[in-house]
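Student: model this:
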Amino acid sequence: MNYHLNFNLIWRHFDKLWQGLVLSLELAVLSILIGAIIGLVLAIWYVSAGKLVRAIISAYVEFIRNVPLILLVYIVFYGIPTVVDFAYSATVSFVGTLSLYAGAYLVEVFRSGLEAVPRGQIDAGKAIGLTPLQRLLHVRLPTMARITLPALSNTFISLFKDTSVASVISVPELTYGAQWINFNTFRIVEVYIVTTIMYLITGYSILFGLRGLERRFRAER
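Tutor: Below you'll find the model as predicted:
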């Protein structure tokens, strides 16, 4: 069997890949933002609430972290609308699923960050008369942000790669675009070579940008 590489058909349909890459980034950004809100709220509750709340949050974290993402995508997109008779688009469904998925991981990231804030800083806030809310906003959260930034960077890169799972429910992100070109041109090797390169370039660009942000924050401490 002689297979000859021919990228002409890939370039002819490159708009599918480019548009898919843009959508993948949008999905990742939305999911990390919503997931960060979920994770931060639950982390604050976890470190300040009682055993019952901690148990509920821990159950959520363990469930999400031990169920494959693709299964969660199927449950949210196919299962929930069947049970509650409620419809939503594939894109909305996936953003919601990936946000919950990110939130479960970010709960642990933010919780460890909050617990890593030096006790002396909190005591200093008490000494100058800051209320618990003021200590949270002006002492604990800024310090936590610096501590957790590397983990947040890794989570964002991971979520960007996880957007490829959206192809199973026909969200037209990068992997779905590659599948479309493959099904319509049968140039499987070429299209996945190009797609892999696009993932690598984008992933490393995100990595270098976030590492630069980390260095800037460390320099200001």
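
Student: residue nearest the centroid of the chain?
Tutor: Leu159 (3.6 Å; CA atoms, centre = their mean).

Student: tell me who's in contact with that one.
Tutor: Leu159 makes contacts with 28, 31-32, 35, 98, 102, as judged by CB atoms under 8 Å, 6 or more residues apart in numbering. Backbone N, C-alpha and C define where each C-beta goes, glycine included.

Student: that one is in what secondary structure piece?
Tutor: Per DSSP states H and E: Leu159 is located in helix 141-162.

Student: beyond that helix, next helix or strand please.
Tutor: Next element after helix 141-162 (DSSP H and E): helix 174-185.

Student: following the chain onward from that following helix, which element is next?
Tutor: Downstream of helix 174-185, the next assigned helix or strand under DSSP H and E is helix 188-220.

Student: centre of the chain to that following helix, how far?
Tutor: Relative to the mean C-alpha coordinate of its chain, helix 188-220 is positioned 14 Å out (CA atoms, centre = their mean, to the nearest Å).

Student: name the helices or strands packed onto that helix?
Tutor: Helix 188-220 sits against helix 8-12, helix 14-48, helix 141-162, helix 174-185, with contacts defined as 3 or more CB pairs under 8 Å, 6 or more residues apart in numbering; DSSP states H and E.

Student: Throw those into CSV and include mean pLDDT and distance to Asp123, thanks.
Tutor: What follows is the helices and strands packed on helix 188-220, written out as CSV (pLDDT from 0 to 100; distance: least, CB to CB, whole Å):
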stretch, mean pLDDT, distance to Asp123
helix 8-12, 91, 61
helix 14-48, 95, 16
helix 141-162, 90, 13
helix 174-185, 95, 49
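
Student: out of these, nearest to Ile70?
Tutor: helix 141-162 (9.6 Å; CB to CB).

Student: once you drop chain neighbours, what's closest to the residue nearest to the centre of the chain?
Tutor: Ala28 (4.7 Å; CB to CB, 6 or more residues apart in numbering).

Student: and what of Ile80?
Tutor: Counting by CB to CB, 6+ apart, the residue nearest Ile80 is Phe86, at 7.0 Å.

Student: quick check: Val84 vs Tyr101, distance?
Tutor: 20 Å (CB to CB, to the nearest Å).

Student: hang on, the earlier thing: tell me the angle of the helix holding Leu159 relative to helix 188-220?
Tutor: Interaxial angle of helix 141-162 relative to helix 188-220 (axes from the mean of the first three to the mean of the last three CA atoms, to 10 degrees): 170 degrees.

Student: what's the angle from helix 141-162 to helix 174-185?
Tutor: Going by the same axes, to 10 degrees, helix 141-162 makes 10 degrees with helix 174-185.

Student: this completes my enquiry, with thanks.
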